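Q: Here you go, sequence then predicted model.
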Number of protein chains: 2
Amino acid sequence: MRADAERSRRRILDAACEVFLERGPDAPLDAVVRRAGVGPGTLYRRFPDREALVRALVTDLLGRLTEAAEEARRVEGDPYGALRRFVHAAADLRMGAAIVVLLERLVVDEELVAVRRGAVAAVEGLLGAARDAGRVRADVGMGDLVLLCVRVSRPLPGGLAALDADGALVHRHLDLALAGLAEAGGSLGVPLGFDEVIAAAGRPGEPGVGE
Amino acid sequence: MRADAERSRRRILDAACEVFLERGPDAPLDAVVRRAGVGPGTLYRRFPDREALVRALVTDLLGRLTEAAEEARRVEGDPYGALRRFVHAAADLRMGAAIVVLLERLVVDEELVAVRRGAVAAVEGLLGAARDAGRVRADVGMGDLVLLCVRVSRPLPGGLAALDADGALVHRHLDLALAGLAEAGGSLGVPLGFDEVIAAAGRPGEPGVGE
DNA sequence: GGTAGGCGGAGAGATTTTCTCCGGTTGGAT
DNA sequence: ATCCAACCGGAGAAAATCTCTCCGCCTACC
């Protein structure tokens, strides 16, 4: 693949990530084109339709996410520190986008399930270790962690996004949320699992390929 | 005003709130019409254009928000309890919508500034009291509180919204975030003020009427 | 310096959105 | 009970937006 083609591909994926995050999975591809600063021909040549673009984006993000989780575990000795490092990295990677777009607009095939399973396992490892070390309350599940990340790291709506041009605010509020994970101020009851999140995000009537 | 007219008005405002929250302030008014279950004529007769609808919605929400803050203070003796009760009530009222739509699509006139000032003062009272009682960490400002509420109480994107059909999840995660407000896990530095939020949300080049 | 592959943009056609007008219906005063 | 002013929903025209193709120029690599 030629260098300029690779560069375009990267710019399109990054732009698509932002746009889908801000305007939902039905956002006009025109908006992606504009944000990426490429011509429409360039997008449609590489990604024949919306599905192809979404699939490429999701695969890319899940891969980087898994990598981030593994690196966090490797770099930080302390389980809670590892979780914290990962959550911040996930925000930088726009983890939210993966989830937003992941299941609603996509037929989940075997390849995607495998990639997703890898990511979930890596993150579950981090969360489990932090919980075992007593640094995360027991009534918080993977579902809570993921949804909290989605909620806190989504771009703020409209003009408020300008407040967080450099991402500092997201990290600030992630730390606030993480502090909430540590300290119980009353019980939450049963932790929210990840399976329920998957089930809710899936297209109606679709089994999700072997789950 | 006739009873059926009032009923329609209420349904339109409620629908608009949901739709703007889910799809941003540029969401098609058609979508509002459909969700409200009224005809297009009904919407356009009462609200000549988008601006009129947004203005009515914001005014309505800010009023109810102020009321909720005052009631929380009245009902709960404990300052932290009052703050907590208010935050949950604000989520039910879709406080996020007020902020989302508030300043970007709206010329802020004197009336709106007055209503907004009332709301801000009421909430500031709650937050200040909780902080004075030592129940909220000192490095959390009004801006943090508001943005955290916006973030956590926004509807989840796409199909994930189904997870929270009854609103229980929002309340769960609000409690998680509130726990983070209480317990410092490392300093955040300077609290985020509300003025900065207002400034960011305002339309570019618009003074904001006397602020 | 040649060339295969990539690039951006103009624009046709389809879809969506806005907003008006009108015939039928309903709430509420008498 | 009756009347009528006010309100309602929907069909549809006009405008805006979105999708996607084709083509002439450019540029990365050999």
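A: Done, it's in. The shown structure was predicted, so the numbers you read here are calculated from the model rather than taken from an experiment.

Q: contacts for the worst-scoring helix or strand of chain A on mean pLDDT?
A: In chain A, the helix or strand scored least confidently by mean pLDDT, DSSP states H and E is helix A:194-201, which has a mean of 72. Outside of helix A:194-201, the residues within contact range by CB atoms under 8 Å, 6 or more residues apart in numbering or on different chains are A:99, A:102-104, A:120, A:124, A:141-143, A:146-147, A:208, A:211, B:158-160, B:162-163. C-beta coordinates here come from the backbone N, C-alpha and C atoms, glycine included.

Q: Please see if the longest helix belonging to chain A touches DNA strand D.
A: Longest helix of chain A, by residue count under DSSP state H: helix A:50-75. Yes - Helix A:50-75 reaches DNA strand D (CB under 7 Å from any atom of the strand) through residue A:50.

Q: In space, what's closest to the residue of chain A found nearest chain B - neighbours in sequence excluded?
A: Per CB to the nearest CB, residue A:180 is where chain A lies closest to chain B, at 3.1 Å. Spatial nearest neighbour of residue A:180, chain neighbours left out: residue B:180 (3.1 Å); criterion: CB to CB, 6 or more residues apart in numbering or on different chains.

Q: can you pull the contacts of that neighbour?
A: A:175, A:176, A:177, A:178, A:179, A:180, A:181, A:183.

Q: Could you single out the nearest of those to DNA strand D?
A: In terms of CB to the nearest atom of the strand, no member of these lies closer to DNA strand D than residue A:177, at 32.9 Å.

Q: Contacts only, for the closest one.
A: A:148, A:152, B:176, B:177, B:180.

Q: Regarding the first one, which helix or strand does it belong to?
A: Remark: residue A:148 resides in helix A:142-153, with elements defined by DSSP states H and E.

Q: What lies in contact with that helix?
A: With CB under 8 Å, 6+ apart as the criterion, helix A:142-153 contacts A:87, A:90-91, A:94-96, A:99-100, A:120, A:123-124, A:127, A:170, A:173-174, A:177, A:181, A:188, A:191-197, B:151-152, B:154, B:156-157, B:160, B:163, B:169, B:172-173, B:176.

Q: Which of the residues you listed are buried, as a PyMOL select command?
A: To isolate the buried ones among the contacts of helix A:142-153 in PyMOL, judged by 16 or more other CB atoms under 10 Å in any protein chain shown, type:
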select buried, (chain A and resi 87+90+91+94+95+96+99+100+120+123+127+170+173+174+177+181+188+191+192+194+197) or (chain B and resi 151+152+154+156+157+160+163+169+172+173+176)
